[in-house]
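*Asks:* Kindly return the folded structure for what I paste below:
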Amino acid sequence: MEFKWLDDFMSLMELGNFSAAAKARHVTQSAFSRRIQALELWVGVPLFDRTSYPITLTEQGKKFVPYVENLLEMVKVTKEDFSRESLKTDNTVRIVCLHSFAVNLMPRLFRQAGTLLEGLNLALNPSVQGIDNHFQALLDNSNDILFAYNTKGMRPSFLLEDKVERCLVFKEKIIPVISPELLENHPKDSRYPYLAYSEHTFLFNVVAPLTERVGLPLEPVFETTLSESLIKMAVSGMGIAWAPLHAIEEELEQGLLVQAFAERPELAISLDIVCYRSKGANRPAVEQFWQGINEVVAQSGRE
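*Replies:* Model prediction:
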């Protein structure tokens, strides 16, 4: 159970309408509906009568209200007691990003920033599971910074767009790669083994439409959620994979991987990597980080 579900419950109880409650909670209606359903599944009983308009509580839902009110008040008081003073002087910047960003991109970015981030404690959480949740965490002051691809499925909903600000950090390419040995020894007129992203990952939604549209001779043999795993499999000669350039610079430089279908540049996918923060983020540490990243971007543009 997630505490935000309790706020969702109270919002729907007060407004009696999924659309209005979702807007008040800064999420899409479909995401909000899923969260209410998840809460009902956790509790084990239906909490709302959806046959009435406006939507009303069931008898079980009415009994649930005082428990929710007590829990939310306890959480609020606890959080305020422990964070009110510390956040004013805390030099920690809480950052959420993809695992591949944490392994390959963030170290390079922090190194480029150098003294611009001096004195900051950078707390990196390599996880983007449920992008709506991470944008909500920015607004709730549970996280400070979010790095994500600027692509469908990873952008803030239209309800949140005016509540966050963003900075374009890098322009990224995702390219098909293969080991030189497999490229040289693969029989002509046969399908290439294909190392794919799992269906529930956002990169699947980026790469799969391309491979389906162009009709490449690929035979799926492996899938995973992690770019790093696909890259290691490709280096081992197990197949072709689409990988972000920031994650394979060393492999390309050392000749462990080469671009597959190099004669077809349209198979490279271009994406922007952006950095987000809440417009209400005014802690000195967050402001220093934001200004530092913007300066790194400006310096890169000048170079």
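
*Asks:* Tell me, how many residues neighbour residue 292?
*Replies:* By other CB atoms under 10 Å, the residues close to residue 292 number 21. C-betas here are computed from N, CA, C, even on glycine.

*Asks:* if I pick it, what's in contact with it?
*Replies:* Contacts for residue 292 were tallied using CB atoms under 8 Å, 6 or more residues apart in numbering; they are 113, 116-117.

*Asks:* Assign residue 261 to helix, strand or coil.
*Replies:* At residue 261 the chain is in coil, as set by DSSP: H, G, I helix; E, B strand; the rest coil.

*Asks:* Pull up the gap between it and residue 171, please.
*Replies:* Noted for residue 261: a distance of 21 Å to residue 171, by CB to CB, to the nearest Å.

*Asks:* Between the two, tell me which one has more neighbours.
*Replies:* residue 261 (19 against 11).

*Asks:* which residues does the closest residue to that one other than its chain neighbours contact?
*Replies:* Closest residue to residue 261 apart from its sequence neighbours, by CB to CB, 6 or more residues apart in numbering: residue 267 at 5.2 Å. Going by CB under 8 Å, 6+ apart, residue 267 touches 175-176, 210, 214, 216, 260-261.

*Asks:* Ok, residue 106 next?
*Replies:* Going by CB under 8 Å, 6+ apart, residue 106 touches 95, 97, 124, 147.

*Asks:* do that again at 10 Å, thanks
*Replies:* 95, 97-98, 100, 122, 124, 126, 147, 246 (CB atoms under 10 Å, 6 or more residues apart in numbering).

*Asks:* Using neighbour counts, trim these to the buried set.
*Replies:* The neighbour count (16 or more other CB atoms under 10 Å) marks 95, 97-98, 100, 122, 124, 147, 246 as buried among those.

*Asks:* which ones among those residues are found in strands?
*Replies:* Taking DSSP state E, the ones among the buried ones among the contacts of residue 106 that sit in strands are 95, 97, 122, 124, 147.

*Asks:* I'd like these as CSV, with distance to residue 23 and pLDDT appended.
*Replies:* Putting those into CSV (distance: CB to CB, whole Å; pLDDT from 0 to 100) gives the following:
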residue, distance to residue 23, pLDDT
95, 28, 94
97, 28, 89
122, 34, 94
124, 32, 92
147, 27, 94
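
*Asks:* Would you check which pair of those lies furthest apart?
*Replies:* Checked with CB to CB, these reach their widest spread between 122 and 147, with 11.9 Å between them.

*Asks:* shared neighbours, those two?
*Replies:* With CB under 10 Å, 6+ apart, residue 122 and residue 147 have common neighbours 95, 106.
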